[in-house]
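Trainee: fold the following for me, if possible:
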Amino acid sequence: MNFNSLKYAVFLPVVFALFWLCPARFRVPILLLASYVFYMAWRPIYLLLILLLTIGNYFCALQIAKSEKHKKAWLVAGIVGNLGTLAYFKYFYFLEDVISLITKPWGGDFHKIAIEIILPLGISFFVFEFIHYIIDVYRGSKPVTNFLSFALFPSFFPTQIAGPIKRFQDFVPQLTQDYNLTVADFDEGVFLILAGLFKKMLLADNLAVFVNGGFSNIQLFSGFDMWLFAIAFSFQVYLDFGGYADIARGSAKLFGYRVPVNFDFPYVAGSTTEFWNRWHMTLGSWLRDYLYIPLGGSRTGKWNTSRNLVITMVLGGLWHGAEFHYLLWGLYQGVCLAINREFKAMRGNWTGFSTFLDSAVGKRASICFTFFVTVVGMAIFRAQDSTAVVAVLKKMLFIDTTFGATSNLVAVNYPLIYPGAFLLIPILLLGQYVCIKVRDYVRENQQPLYLRAAYGALLIFTIVAFAADNAPRFIYYQF
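Mentor: Here you go, the predicted structure:
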């Protein structure tokens, strides 16, 4: 069930009414049932998958908590079970391709297994939540003994498909709190949902038309064109995923629950490290706590730290999908993080340059440089395969200067005319700056009811009037 669908527009108010009209003791079961209905709306058979994983991890954690002799064995079994499930559904075909690629030079005749595997929605997100849970229980956290509360943790429908990735220590205690919905919380929930729909349906989906045409016809365009497409995609994926996160937070807020913030204006970051502190924040913190630090983090010397960063981001890239271009994207991010860390350690030796970077002009220059470094990574991420990655990067680096006779945006009927494309970067960056100012103003000043109502009505009108003709799924539904 898509957040931007008519089904969800009916589903959410119905669940909301049932939740608050029923006695408090029925609220967790109602949300659990609603979450399973939400998941079954796509492919009912996969409800069995999330149920089996829930039962398995529930009992695995209990065994970890009470067993001293076999504690580690239960942990390993739990991790293997979770990762094995994820690997089967998400990486089976990828592993076949890797084996075929390895055996081919040696004359091997690898026969692929004729099997059709459909990737379950949200599996990458709730598997990471299960792994976090059993690891933290192994480290000493108390397991959740109430099965219904535990079952709601991974299946909670606002975060079920594309996060944010929750921590059970933050989420589960909220289920037992005596909470009454306030007007302020209802306001915040509704406006987060409207803001998310605005980002997704009005901005991201319209940018998608522009982006899809460019990345589907790389050979027709110049290097400058591809930079425009890559920049447009950078904002498309941010608005699409950020819109989803806003709707998730707003939906959760309507039931009195808080889920983590996932984005904090990442394109105003002044370094790659800061970017990852602002972008997909719950994934970044998960990779840090359950992969980077266990690998040794920054405790094992400069080169090992760089190695750990690269390994972490390569695996983070593969988490997004079983494609070589996701692996390349992760490698790129890891190398950028390692370079950024080394640069930060060395800049103290360059007094004049360091003073410039700390100035207002220097900070803005750092933001611009970081943005364009990020855009290159987004181009790798968006490319359809590793061959397309090479083609896109050759264009963007102006190595390949050949392009088709129709190399302009008008020729392929894009929504932006070619001269107008020059305005794309400043418009999007200015829009982000305005959003920051509006957010800060709203936080600091409680607006009167008539202004909030007018603002909500304006959002609804613009979404309905200017939304793209189609309603594509959120980008991160595929991960």
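Trainee: what's residue 293 in contact with, if anything?
Mentor: Not one residue lies near residue 293 by Cβ atoms under 8 Å, 6 or more residues apart in numbering. All C-beta spots, glycine's among them, are computed from the backbone N, C-alpha and C.
Trainee: and residue 262, by the same measure?
Mentor: If you count contacts by Cβ under 8 Å, 6+ apart, residue 262 has them with 163-164, 241-242, 245, 280-282.
Trainee: adding pLDDT and secondary structure, write those out as a markdown table.
Mentor: Converted to a markdown table, the contacts of residue 262 look like this (pLDDT from 0 to 100; DSSP: H, G, I helix; E, B strand; the rest coil):
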| residue | pLDDT | secondary structure |
| --- | --- | --- |
| 163 | 81 | coil |
| 164 | 93 | coil |
| 241 | 92 | helix |
| 242 | 92 | helix |
| 245 | 93 | helix |
| 280 | 94 | coil |
| 281 | 94 | helix |
| 282 | 94 | helix |
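Trainee: of all the residues you listed, which two lie farthest apart?
Mentor: 242 and 282 (12.8 Å; Cβ to Cβ).
Trainee: more neighbours: which of the two?
Mentor: residue 242 (25 against 22; other Cβ atoms under 10 Å).
Trainee: chain neighbours aside, what residue packs nearest to that one?
Mentor: residue 263 (4.6 Å; Cβ to Cβ, 6 or more residues apart in numbering).
Trainee: burial measure for that neighbour, as a count.
Mentor: 19.
Trainee: do I have it right that it meets residue 283?
Mentor: No: applying Cβ atoms under 8 Å, one finds residue 263 not in contact with residue 283, separated by 11.0 Å.
Trainee: quick check: which element contains residue 334?
Mentor: helix 324-346 (DSSP states H and E).
Trainee: what residues does that helix touch?
Mentor: 271-273, 276, 298, 302, 305-306, 309-318, 320, 373, 376-377, 380-381, 383-386, 388-389.
Trainee: in PyMOL, select just the buried ones from these.
Mentor: To isolate the buried members of these in PyMOL, using 16 or more other Cβ atoms under 10 Å:
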select buried, resi 271+272+273+276+305+306+309+310+311+312+313+314+315+316+317+318+320+373+376+377+380+381+383+388+389
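Trainee: what about the contacts of helix 324-346, which are in helices?
Mentor: Residues of these located in helices (DSSP state H): 272-273, 276, 302, 305-306, 309-318, 320, 373, 376-377, 380-381, 386, 388-389.
Trainee: and stretch 1-13, what's buried?
Mentor: By 16+ other Cβ under 10 Å, the buried positions in stretch 1-13 come out as 1-4, 8, 11-12.
Trainee: residue 4: what secondary structure?
Mentor: coil (DSSP: H, G, I helix; E, B strand; the rest coil).
Trainee: now do the helix or strand that contains residue 251: which elements does it pack against?
Mentor: In the assignment (DSSP H and E), residue 251 maps to helix 223-254. Applying 3 or more Cβ pairs under 8 Å, 6 or more residues apart in numbering; DSSP states H and E, we find helix 223-254 packed against helix 6-21, helix 183-197, helix 205-215, helix 360-382, helix 386-396, helix 424-444.
Trainee: want to throw those into a markdown table with mean pLDDT and distance to residue 341?
Mentor: Converted to a markdown table, the helices and strands packed on helix 223-254 look like this (pLDDT from 0 to 100; distance: least, Cβ to Cβ, whole Å):
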| stretch | mean pLDDT | distance to residue 341 |
| --- | --- | --- |
| helix 6-21 | 93 | 42 |
| helix 183-197 | 87 | 34 |
| helix 205-215 | 87 | 31 |
| helix 360-382 | 93 | 14 |
| helix 386-396 | 92 | 24 |
| helix 424-444 | 56 | 26 |
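Trainee: of all these, which one is nearest residue 121?
Mentor: Here helix 6-21 is closest among these (Cβ to Cβ), at 13.8 Å.
Trainee: just the CA trace of that closest one, in PDB.
Mentor: Taking C-alpha atoms only, helix 6-21 is exported to PDB below (Å, rounded to 0.1, in the frame of the first residue of the first chain):
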ATOM      1  CA  LEU A   6      -6.300   6.500  -2.200                       C
ATOM      2  CA  LYS A   7      -6.200   3.200  -0.300                       C
ATOM      3  CA  TYR A   8      -3.900   4.800   2.300                       C
ATOM      4  CA  ALA A   9      -6.100   7.900   2.500                       C
ATOM      5  CA  VAL A  10      -8.900   5.600   3.600                       C
ATOM      6  CA  PHE A  11      -6.800   3.200   5.600                       C
ATOM      7  CA  LEU A  12      -5.100   5.700   7.900                       C
ATOM      8  CA  PRO A  13      -8.200   7.500   9.200                       C
ATOM      9  CA  VAL A  14     -10.000   4.200   9.800                       C
ATOM     10  CA  VAL A  15      -7.100   2.800  11.900                       C
ATOM     11  CA  PHE A  16      -6.800   6.200  13.600                       C
ATOM     12  CA  ALA A  17     -10.400   6.200  14.700                       C
ATOM     13  CA  LEU A  18     -10.300   2.500  15.900                       C
ATOM     14  CA  PHE A  19      -7.100   3.200  17.800                       C
ATOM     15  CA  TRP A  20      -8.500   6.100  19.800                       C
ATOM     16  CA  LEU A  21     -12.000   4.900  20.200                       C
END
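Trainee: I appreciate the help and will end here.
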